[in-house]
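> Predicted model and sequence below, questions to follow.
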Amino acid sequence: MSTEKVVKPYEKEQDDKKSQVSRMFNKIAPYYDFLNRFLSLGIDTIWRKKAINKIKAANPKLILDIATGTADVAIEMIKQLNPDKIIGLDISSEMLEVGQKKINKRELNKKIELVLGDSENLSFEDNSFDAVTVAFGVRNFQNLEKGLKEMNRVLKKDGQVMILEFSKPKFFPFKQIFNAYFKYVLPLIGRFTSKDPKAYKYLYDSVQAFPDGDKFVEILKNTGYNSIQCTSLSLGICSVYIGKK
């Protein structure tokens, strides 16, 4: 079992992490895409492309994209993988609304379906999907193991999971520069642009608390995955985890 500290966006409030995460993303949804590009200097688009490429050889036809947000990963998977169908699921209705506009603009409605839902209580049948993907979302699960087990449940036998998530750089001086940027600069910019000063403080705190690298590989093993590979990107800013059911 994972023992990571439960970090919530609004620590002083009593409602659970799931409710707070939903509320936080509803608040920052209009600014989310701009801030992602701006704060990562555009590198986040490269991370997503590299992560998606990891499952290309398996040629998945039916894909579940959890924590789909504004549908960036789903749209990129259509380009790279050409699947028959992608279902994008998210807990934030406002993020999905932004994503739906992007899908409509690209005329991808027949390929991508967005649904409001809870990653820890999926409404899909067992063994439904060829691949399940999550980009920068598992860190926000209220119960990490429960969410990973649900993903495993709906995955077909030998289907692949792809998880892209922030990790903690380990090399001097990049580690120190990265931590300073994440801890002080991001929240400051986020405060003036997203109208929610807590959102980007939560980003730093949740990354620090997340069991990345070998610890997360072990959690994946304990929740039913095998043949797990972990690839570090951009000197350890984030990592791609690939596993099979």
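Nice, thanks for sending it over. Residues are numbered from 1 along each chain as shown.

> for the protein, what's the longest strand?
Using DSSP state E to define each element, the chain has its longest strand at strand 155-166.

> Sheet partners, orientation included, of that one?
Here strand 155-166 has these sheet partners by DSSP bridges: strand 129-135 (parallel), strand 238-244 (antiparallel).

> quick one, which of these is nearest to Ile43?
Nearest of the strands paired with strand 155-166 to Ile43, taken as Cβ to Cβ: strand 238-244 at 9.2 Å. Glycine gets a C-beta too; all of them are placed from N, C-alpha and C.

> How many neighbouring residues does Val154 have?
20 (other Cβ atoms under 10 Å).

> any idea how far it is from Ser234?
Taking Cβ to Cβ, to the nearest Å as the measure, Val154 falls 30 Å from Ser234.

> before we move on, what about Ile228?
Taking Cβ to Cβ, one finds Ile228 at 21 Å from Ser234.

> Can you pull out the residues in contact with the helix or strand containing Glu94?
Counting by DSSP states H and E, the element that carries Glu94 is helix 93-105. Identification of contacts with helix 93-105 by Cβ atoms under 8 Å, 6 or more residues apart in numbering yields 25-27, 29-30, 32-33, 68-71, 74-75, 88, 90, 109, 112, 114-116.

> again, but for stretch 203-213
Here stretch 203-213 makes contact (Cβ under 8 Å, 6+ apart) with 2, 4-7, 139-140, 144, 165-168, 182-183, 186-187, 190, 216, 219, 230, 239.

> among the residues you listed, which are in strands?
Among those, the members found in strands (DSSP E) are 165-166, 230, 239.

> Counting residues, name the longest helix you see in this structure.
Counting residues, the longest helix in the chain under DSSP state H turns out to be helix 17-39.

> average pLDDT for it?
In this model, helix 17-39 has an average pLDDT of 89.

> Can you give me the buried ones in the host helix or strand of Ala180?
Assigned by DSSP H and E, Ala180 belongs to helix 174-180. Using 16 or more other Cβ atoms under 10 Å as the test for burial, helix 174-180 gives Phe178.

> Check the offset of it from the chain's centre.
Averaging C-alpha positions (Cα atoms, centre = their mean, to the nearest Å) puts helix 174-180 22 Å from its chain's average.
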